[in-house]
Structures are given as structure tokens and as C-alpha cells.
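Novice: model the structure of this input:
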Amino acid sequence: MNMIISYKIILYLIITPLVAYSVDSLNINAIFKKNSVLKARFLYFLIVVSLSYLVVGFLDDIFTY
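Specialist: Numbering: from 1, shown residues only. Have a look, this model is predicted:
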């Protein structure tokens, strides 16, 4: 069990910066009103966290299958 947890933590540490770098190319501010910077940053954070979760889950399924 401990090996699986540390394995996923390592995957999260590798995948999260890659996802953040990829999502940085999106223009999320164009969706929001002009003075909604905090809302745009929160959406950016949610997108990065959810995509990281999906990619790590996918890679975990591939490696454990």
C-alpha cells in the first residue's frame, strides 16, 4: 500500500507541472468579464487539478494493468 501511495505522489509531482504548462497556453481570461481575474485564476487552478487527476489515474491504470 505504501508503495502505491508514493508511486502516485511521484506521478502527481511529474504530471501537475506538465499540465500547468500545457493549460497556460489557453486564453481563459477571454471567457470572463474584464475585472474577474480571481475567478479566472480559480478556474485555471480547477482545470489543472482535474486534468492532473485524470492523467495520473489513466497512467496508474495503464501501469497496474
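Novice: what's the first helix or strand after the lowest-mean-pLDDT helix or strand in the chain?
Specialist: Lowest mean confidence among the helices and strands of the chain (mean pLDDT, DSSP states H and E): helix 2-23, at a mean of 86. Next helix or strand after helix 2-23 toward the C-terminus (DSSP states H and E): helix 37-64.
Novice: what pLDDT, on average, does that next one get?
Specialist: Summarised as a single mean, pLDDT over helix 37-64 is 92.
Novice: could I get the buried residue list for that helix?
Specialist: Ala40, Tyr44, Ile47, Val48, Leu51, Ser52, Val55, Val56 (16 or more other CB atoms under 10 Å). (C-beta placed from N, C-alpha, C; glycine too.)
Novice: list the contacts for the residue lying closest to Leu59 once chain neighbours are set aside?
Specialist: Spatial nearest neighbour of Leu59, chain neighbours left out: Leu11 (5.9 Å); criterion: CB to CB, 6 or more residues apart in numbering. The contact partners of Leu11, taken as CB atoms under 8 Å, 6 or more residues apart in numbering, are Val56, Leu59, Asp60.
Novice: contact partners for the first one?
Specialist: Think Val56. Taking CB under 8 Å, 6+ apart, we find Val56 in contact with Lys8, Leu11, Tyr12, Ile15.
Novice: can I assume the first one is in contact with Phe63?
Specialist: This points to Lys8. No: taking contacts as CB atoms under 8 Å, Lys8 lies outside contact range of Phe63: 10.2 Å.
Novice: what does Asn27 show for phi and psi?
Specialist: Here is the backbone geometry of Asn27 (degrees, to the nearest 10): phi -100, psi 80.
Novice: if I look at it, how far off is Val48?
Specialist: 15 Å (CB to CB, to the nearest Å).
Novice: contact partners for Val37?
Specialist: Val37 neighbours (CB under 8 Å, 6+ apart): Asn29.
Novice: measure it to Asp24 for me?
Specialist: Distance of Val37 to Asp24, computed by CB to CB: 15 Å.
Novice: could you dump the contacts of Leu11 to JSON lines with distance to Ala20?
Specialist: Output for the contacts of Leu11, formatted as JSON lines (distance: CB to CB, whole Å):
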{"residue": "Val56", "distance to Ala20": "14"}
{"residue": "Leu59", "distance to Ala20": "17"}
{"residue": "Asp60", "distance to Ala20": "20"}
